[in-house]
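Trainee: Below: sequence and its predicted model.
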Amino acid sequence: MASKIKVKAKKIIIAIDGPAGAGKSTVAKLLAKRMRFLYIDTGAMYRALTLKAIRQGLDFAQGRQLTGLAKKTRIDLENKSDGAIRVLLDGEDVSLDIRKPNISSFVSDTAKVPGVRKEMLIRQRELGSKASCVLDGRDIGTAVFPNADKKFFLDADFKERVRRRHKELKENGQDISWEDVRKDLQNRDTIDSSRKCAPLKQAKDAIYIDTTKMTIEGTVDILYKWINP
Ligand code: CDP
């Protein structure tokens, strides 16, 4: 009698890191859709926690308070069938609120706290262990999944990154000046790259892609070809 052997399909992890406005999340979302993988927006987790900290009036200089808050906060990321994602903070849909400029102003202060990062890393690894997925963030290839199957570092000229983020915010109805977007990106680039714990940096084995002159579709195609040569 033939015996059935169950072979578990290997879960694949694709890590996409880089600074704000380099196209990471749009590219990661489309790539995940094309690969039929789960998309995990790790920045959304830091943003959701920042929203809760602002609502509770926490002092962003108090890392211990932020760590305590992280431990007792539930954050869920849902992939919807139309490709969009929903971010739930203790069960409340905060998908739009977390993109607002006041969250961007404080999110890097939340994300630089080692205790907060430790908590998020555990959760991100847990999410990534459930299915093949594309994760985007700042430290996916260096800290969260150092053994990811493919790692990419997306970058673009600073001016172009500001232009893209300004356009995106305007399209989403946010009233924000080019100058304020420039300051936000510069501030976050500085904090994210200089923090002690898991700073934004390219993993040694990541493929560097400068998207300055590239379209979203063109970028997704390139990543797809690296993954499926
Ligand atoms: O979309 P955008 O590039 O503006 O940022 P995001 O991916 O939503 O991340 C927001 C912030 O969260 C970043 O500026 C980092 O401070 C932090 N972050 C992080 O430290 N590590 C990650 N893996 C993802 C985000």
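Mentor: Received the coordinates, thanks. What you see is a predicted model; the values in this text were computed from it and never measured. Numbering: from 1, shown residues only.
Trainee: Looking at the longest helix along the chain now, give me its mean pLDDT.
Mentor: Ranked by residue count under DSSP state H, the longest helix found in the chain is helix 178-194. Across helix 178-194, the average pLDDT comes to 97.
Trainee: That helix close to the ligand?
Mentor: Yes. Judged by CB under 6 Å from any ligand atom, helix 178-194 comes into contact with the ligand at Arg188, Asp192. For glycine as for every other residue, the C-beta is placed from the backbone atoms N, C-alpha and C.
Trainee: Tell me the helix or strand right after that helix.
Mentor: strand 207-210 (DSSP states H and E).
Trainee: so what does the following helix or strand past that next one touch, helix or strand wise?
Mentor: The helix or strand immediately downstream of strand 207-210 is helix 216-227, counting by DSSP H and E. In this structure, helix 216-227 packs against strand 13-17, helix 24-35, strand 150-155, strand 207-210, with contacts taken as 3 or more CB pairs under 8 Å, 6 or more residues apart in numbering; DSSP states H and E.
Trainee: Ile191: which of these is closest?
Mentor: Closest of those to Ile191 is strand 13-17, at 15.6 Å (criterion: CB to CB).
Trainee: tell me the average confidence for stretch 33-40?
Mentor: Stretch 33-40 carries an average pLDDT of 95.
Trainee: With the ligand in mind, check whether that stretch reaches it.
Mentor: No. Stretch 33-40 lies out of reach of the ligand by CB under 6 Å from any ligand atom, never closer than 9.6 Å.
Trainee: For this structure, what lies in contact range of the ligand?
Mentor: 20, 25, 42-43, 46-47, 107-108, 111, 137-140, 188, 192.
Trainee: and if we set it to 5 Å?
Mentor: Ala20, Thr42, Gly43, Tyr46, Val107, Ser108, Ala111, Gly137, Arg138, Asp139, Arg188, Asp192 (CB under 5 Å from any ligand atom).
Trainee: Provide a ChimeraX selection command restricted to the buried entries of the residues you listed.
Mentor: Command for ChimeraX that selects the buried part of the residues of the chain next to the ligand, burial taken from 16 or more other CB atoms under 10 Å:
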select :20,42,43,46,107,108,111,137,138,139,188,192
